[in-house]
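A.B. asks: what follows is a predicted protein model with its sequence.
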Amino acid sequence: MRWALVKVCLAVTAMVVVAFAVPLGLVIKEMARDRAFSDAERQAAAIGPTLSITTDRTELEKAVLTTEPGAAGRMAVHVPASGEAGSVAVEIGRRRATRKDLETVRESGRASITEVPGGSALLQPTALGSEGAAVVEVFVPEDEVSNGVATAWLMLAGVGVALIIGSVAVADRLGVRMVEPARRLAGAAHDLGEGRLGTRVPEEGPTELRSAATAFNSMADQVVQLLANERELAADLSHRLRTPLTVLRLNAASLGEGPAAEQTRAAVQQLEREVDTIIRTAREQRPQPQGQNGGPGAGCDASEVIRERMDFWSALAEDEGREVRLAGVDRTVRIPVARPELAAALDALLGNVFRHTAEGTAFAVDVHHSGDAVIVLVSDAGGGIADPKAALARGSSGRGGAKGAVGSTGLGLDIVRRVAESTGGDVRIGRSVLGGTEVRIWIGLHGQQPQGRGHRVGRQRRGVIGRSTKRRFRSGAGPNL
């Protein structure tokens with residue numbers, strides 16, 4: 001399409017240049033010829049006054065030499081013989097025209113131009129009274145007739161070439177402006193078909209292509225939203241089942257021994273496996289994170305998402321008598337993580353707290369902004385994790401505690417780790433000041449790992465943040481969810 005537009009523009013411009021340049025060149029040539037012969041007529045007319053006074057050779061020769069063509073040997077005067085006895089014709093200068101042409105001009109009384117070797121000759125008749133008419137001949141060389149024509153033609157050719165080059169350049173730019181947005185739109189459609197849901201198209205180019213890009217981005221956002229809604233539905237269903245499952249598991253544990261008790265416990269375990277399947281399916285079908293290059297709509301406000309998810313979990317926390325503290329979410333904190341991905345990571349961590357700590361165990365969520373990263377701390381007062389490295393390595397909870405690891409899918413910490421690593425961050429597990437587990441999510445804001453994040457530094461940061469969290473717990477700061 002781009003080269004087709006260039007070819008069309010080249011052809012049209014060339015036709016326009018030819019249509020104007022060729023006639024203009026011919027006009028310039030004709031103007032140069034008219035100028036040369038007009039000058040010759042003016043020089044020939046300068047001899048007229050002398051001829052009207054005398055036909056003496058000496059006087060005529062002096063008059064001829066005073067003119068420019070006469071001094072250059074390009075003027076001749078032909079005076080016929082008078083009717084008196086003994087008079088002879090006077091010929092001054094070099095004759096180039098034929099005698100027949102001279103007689104024709106003398107008889108007609110009108111000026112004439114005739115072709116002669118090396119150029120043209122202007123024949124100008126001048127009346128001599130009763131003695132007839134003299135003819136003044138002015139030779140005009142060919143190079144004088146075409147003087148300046150070659151230069152004018154070269155200028156016209158240069159202007160024509162410049163117009164063609166300029167039109168081709170403009171057509172190429174227009175072609176790029178039209179083709180590149182179309183190419184980006186086609187590539188984005190291909191990427192979206194391949195499953196890269198973060199693909200968006202810059203709304204640039206002509207009006208039609210901008211409209212197409214806007215419609216494509218709207219469609220992609222709709223697809224992502226539909227997938228997120230489906231995933232949220234699966235997550236909501238699984239969360240709604242967790243609370244009655246917890247009650248069933250505790251009741252089943254108190255049934256003692258016997259076939260009915262064993263069947264009840266087996267049914268509860270089967271139900272928990274079904275819930276775990278829902279979680280795995282939701283994870284496998286989740287939309288891809290929209291990173292820094294994810295286009296419009298990439299990223300989210302971490303504070304808003306955390307407040308929303310804490311509202312969701314607060315009902316279960318109230319049922320189990322858990323004290324909850326939330327801090328650091330009073331201002332907007334933009335992170336390069338899609339909203340559904342951050343929500344899933346928080347749900348995984350908070351779900352682990354409810355599943356692997358005893359009822360009544362307090363927990364806290366703390367958000368810190370360190371300039372190049374956002375740190376999210378999820379702390380609890382439970383029994384902690386015996387081997388944090390092993391828990392991260394195998395992507396499972398690794399928790400002990402009153403409730404053990406019953407119902408664990410082995411995916412919670414893996415979901416959190418993937419979210420953090422997609423931004424250049426990481427996940428650390430340690431001992432919280434509340435006495436239990438502290439999971440620290442380090443989310444990079446620029447897709448690069450912040451400087452000075454060694455293991456020792458991580459422990460020091462956790463200590464400072466942990467003391468801040470502990471102070472908030474003891475002082476009752478933050479909303480009581």
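C.D. replies: Yes, it's here.
A.B. asks: need the helices for the protein, in chain order.
C.D. replies: Secondary structure of the chain (DSSP state H): helices at 2-45, 48-53, 57-65, 68-71, 99-108, 142-145, 149-193, 207-253, 259-284, 302-319, 339-356, 388-394, 412-421, 455-475.
A.B. asks: chain center to the fifth one: distance?
C.D. replies: It stands for helix 99-108. Helix 99-108 has its C-alpha centroid displaced from the chain centroid by 78 Å (CA atoms, centre = their mean, to the nearest Å).
A.B. asks: Glu61: neighbour count?
C.D. replies: Residues near Glu61, counting by other CB atoms under 10 Å, number 15. Every C-beta, even on glycine, is put in place using the N, C-alpha and C of the backbone.
A.B. asks: which residue packs closest to it, ignoring adjacent ones?
C.D. replies: Excluding the flanking residues, the one nearest Glu61 by CB to CB, 6 or more residues apart in numbering is Ile92, at 5.6 Å.
A.B. asks: in the sheet, who's paired with the one you found?
C.D. replies: The partner list for Ile92 in beta bridges (DSSP bridges) reads Val77.
A.B. asks: who touches the residue lying closest to Trp313 once chain neighbours are set aside in this structure?
C.D. replies: Among residues not flanking Trp313 along the chain, Leu350 sits closest, at 5.0 Å (CB to CB, 6+ apart). Counting by CB atoms under 8 Å, 6 or more residues apart in numbering, Leu350 touches Arg309, Met310, Trp313, Phe363, Val365, Val378.
A.B. asks: if you set the cut-off to 7 Å instead, what comes out?
C.D. replies: By CB atoms under 7 Å, 6 or more residues apart in numbering, the contact list for Leu350 reads Arg309, Trp313, Val378.
A.B. asks: dump the residues you listed into a markdown table; add pLDDT, distance to Arg200 and neighbour count as well.
C.D. replies: Shown next, in a markdown table, are those (pLDDT from 0 to 100; distance: CB to CB, whole Å; neighbours: other CB atoms under 10 Å):
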| residue | pLDDT | distance to Arg200 | neighbour count |
| --- | --- | --- | --- |
| Arg309 | 90 | 26 | 19 |
| Trp313 | 87 | 32 | 21 |
| Val378 | 93 | 32 | 23 |
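A.B. asks: re the thing from before, pull up the gap between the residue nearest to Glu61 and Arg42, please.
C.D. replies: 19 Å (CB to CB, to the nearest Å).
A.B. asks: between those two, who's got more neighbours?
C.D. replies: Ile92 (22 against 12).
A.B. asks: look up phi and psi at the spatially closest residue to Glu304 that is not a sequence neighbour.
C.D. replies: Sequence neighbours aside, Thr332 is the residue nearest to Glu304 in space, at 7.6 Å (criterion: CB to CB, 6+ apart). Dihedral pair for Thr332: phi -70, psi 130, per degrees, to the nearest 10.
A.B. asks: and what of the one 4 residues further on?
C.D. replies: Torsion angles at Pro336 (phi, psi; degrees, to the nearest 10) stand at phi -80, psi 50.
A.B. asks: that one: neighbour count?
C.D. replies: With neighbours defined by other CB under 10 Å, the count for Pro336 comes to 22.
A.B. asks: and the pLDDT for it?
C.D. replies: You'll see Pro336 listed with a pLDDT of 89.
A.B. asks: can you check Cys300 too?
C.D. replies: 88.
A.B. asks: next, the contact list for it, please.
C.D. replies: Here Cys300 is in contact with Ile335, Val337, Ala338, Arg339, Leu342 (CB under 7 Å, 6+ apart).
A.B. asks: could you redo the last one with a cut-off of 6 Å?
C.D. replies: By CB atoms under 6 Å, 6 or more residues apart in numbering, the contact list for Cys300 reads Arg339.
A.B. asks: okay, and the beta partners of it?
C.D. replies: Ile335.
A.B. asks: and it, how close does it get to Ala188?
C.D. replies: Relative to Ala188, Cys300 is positioned 22 Å away (CB to CB).
A.B. asks: what's the burial count for Leu122?
C.D. replies: When neighbours are counted by other CB under 10 Å, Leu122 registers 25.
A.B. asks: ignore what I typed, I meant Ala220.
C.D. replies: With other CB under 10 Å as criterion, Ala220 counts 24.
A.B. asks: and if you look at His190?
C.D. replies: By the criterion of other CB under 10 Å, His190 has 11 neighbours.
A.B. asks: quick check: which ranges of the stretch 301-450 of the chain have low pLDDT?
C.D. replies: The stretch 301-450 of the chain contains residues with pLDDT under 70 at 393-412, 447-450.
A.B. asks: recalculate using a threshold of 50.
C.D. replies: Applying pLDDT under 50 to the stretch 301-450 of the chain flags residues 394-398, 400-407, 409, 449-450.
A.B. asks: what's the most buried one of the helices of the chain?
C.D. replies: helix 339-356 (a mean of 24; mean count of other CB atoms under 10 Å).
A.B. asks: how big is the angle separating it from helix 259-284?
C.D. replies: 160 degrees (axes from the mean of the first three to the mean of the last three CA atoms, to 10 degrees).
A.B. asks: how close does the closest residue to Gly109 other than its chain neighbours sit to Ala63?
C.D. replies: Nearest residue to Gly109, sequence neighbours excluded (CB to CB, 6+ apart): Pro125, at 5.4 Å. Per CB to CB, Pro125 is found 17 Å from Ala63.
A.B. asks: again with Val116
C.D. replies: On the measure of CB to CB, Val116 and Ala63 end up 23 Å apart.
A.B. asks: equivalent analysis for Glu142, please.
C.D. replies: Distance from Glu142 to Ala63, by CB to CB: 27 Å.
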